[in-house]
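# coords please:
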Amino acid sequence: MRLILSASLAFLVGSGAALAFPTSEVPTSEPAYLAKVKTAAPDEIVAKATITMTQDGEEKTLQTGTNGFTCFIGGDGTPLCGDDAGIAWFKAIGAKSDPPNKIGFIYMLAGDTGTTNHDPYEKETHQHWVQTGPHVMIVGPMVREMSGYPRSADVADPTQPFVMYPGTKYEHLMPPIGAQK
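Now for the predicted structure:
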């Protein structure tokens, strides 16, 4: 797993991925959904990942994976792929529960549609708003021990690594991917 992660990050950092943002649309047809979800991570990750789609409150599996990653499109239209700990962390936010005590990894190579950076439950306030281009997320309580990254609710430069949701139990590191200007 570490080899795949290291190789993927090296490829992505060297690729000079263009700054892009997904739309808020969550496609309803399987082909359109699959096309959008495939923008979340490198092809070699998505090809072997479990891909899920939620329609009418029901989750269905479009592809059964073998690499421990799960890919889907969030309700805000952001495609993502996470390892088991990353997905458990993501689900903890949705359930307003404690995140797992593990390091997790989430790809968001299409960027995101933006969110508030001070509280995951106050997106509609648009306070401390940040929108990021292609990035990955390193999640888990150990992120609090990582030093040298900005921990302000007001992100000065989202093209540089920063800590999202600083000071909360959902604090995580947001390293951008690709050439930064």
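# pretty sure Pro158 sits against His128.
No - with contact taken as CB atoms under 8 Å, Pro158 and His128 are classed as non-touching, separated by 11.7 Å. C-beta here means a position set from N, CA and C on the backbone, and glycine is covered the same way.
# tell me which helix or strand of this structure sits lowest on mean pLDDT?
helix 2-15 (a mean of 38; mean pLDDT, DSSP states H and E).
# after that one comes which helix or strand?
With elements assigned by DSSP states H and E, the helix or strand that comes after helix 2-15 is helix 30-37.
# run the chain-centre distance for that following helix.
17 Å (CA atoms, centre = their mean, to the nearest Å).
# show me what that helix is packed against.
When contacts are defined as 3 or more CB pairs under 8 Å, 6 or more residues apart in numbering; DSSP states H and E, helix 30-37 packs onto strand 50-55, strand 58-63, strand 69-73, strand 79-83.
# if we go to 6 Å?
Using 3 or more CB pairs under 6 Å, 6 or more residues apart in numbering; DSSP states H and E, the elements in contact with helix 30-37 are strand 69-73.
# who does the strand it packs on pair up with?
Here strand 69-73 is paired, per DSSP bridges, with strand 50-55 (parallel), strand 79-83 (antiparallel).
# pull the residues that contact it.
26, 36-37, 40, 45-46, 49-52, 79, 81, 83, 87 (CB atoms under 6 Å, 6 or more residues apart in numbering).
# how about the CA coordinates for it, as PDB?
What follows is strand 69-73, C-alpha atoms only, in PDB (Å, rounded to 0.1, in the frame of the first residue of the first chain):
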ATOM      1  CA  PHE A  69     -10.100   2.100  -1.800                       C
ATOM      2  CA  THR A  70     -13.700   3.200  -2.200                       C
ATOM      3  CA  CYS A  71     -14.700   5.900  -4.700                       C
ATOM      4  CA  PHE A  72     -18.000   7.900  -4.800                       C
ATOM      5  CA  ILE A  73     -19.300  11.400  -5.500                       C
END
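# the residue in the chain sticking out farthest from the centre and Thr28, how far apart?
No residue in the chain sits farther from the centre than Asp56, which is 23.2 Å out by CA atoms, centre = their mean. Distance, Asp56 to Thr28, by CB to CB, to the nearest Å: 10 Å.
# got a ChimeraX select line for the buried ones in the contacts of strand 69-73?
Typed into ChimeraX, the line below selects the buried ones among the contacts of strand 69-73, using 16 or more other CB atoms under 10 Å:
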select :26,36,37,40,45,46,49,50,51,52,79,81,83,87
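# is it true that Val37 touches Pro79?
Yes - at 4.8 Å, Val37 counts as touching Pro79 under the criterion of CB atoms under 6 Å.
# separation between His172 and Val143?
Taking CB to CB as the measure, His172 falls 5 Å from Val143.
# how about low-confidence regions in this protein?
For the chain, applying pLDDT under 70 flags the ranges 1-21, 117-118, 121-123, 125-127, 129, 131, 179-181.
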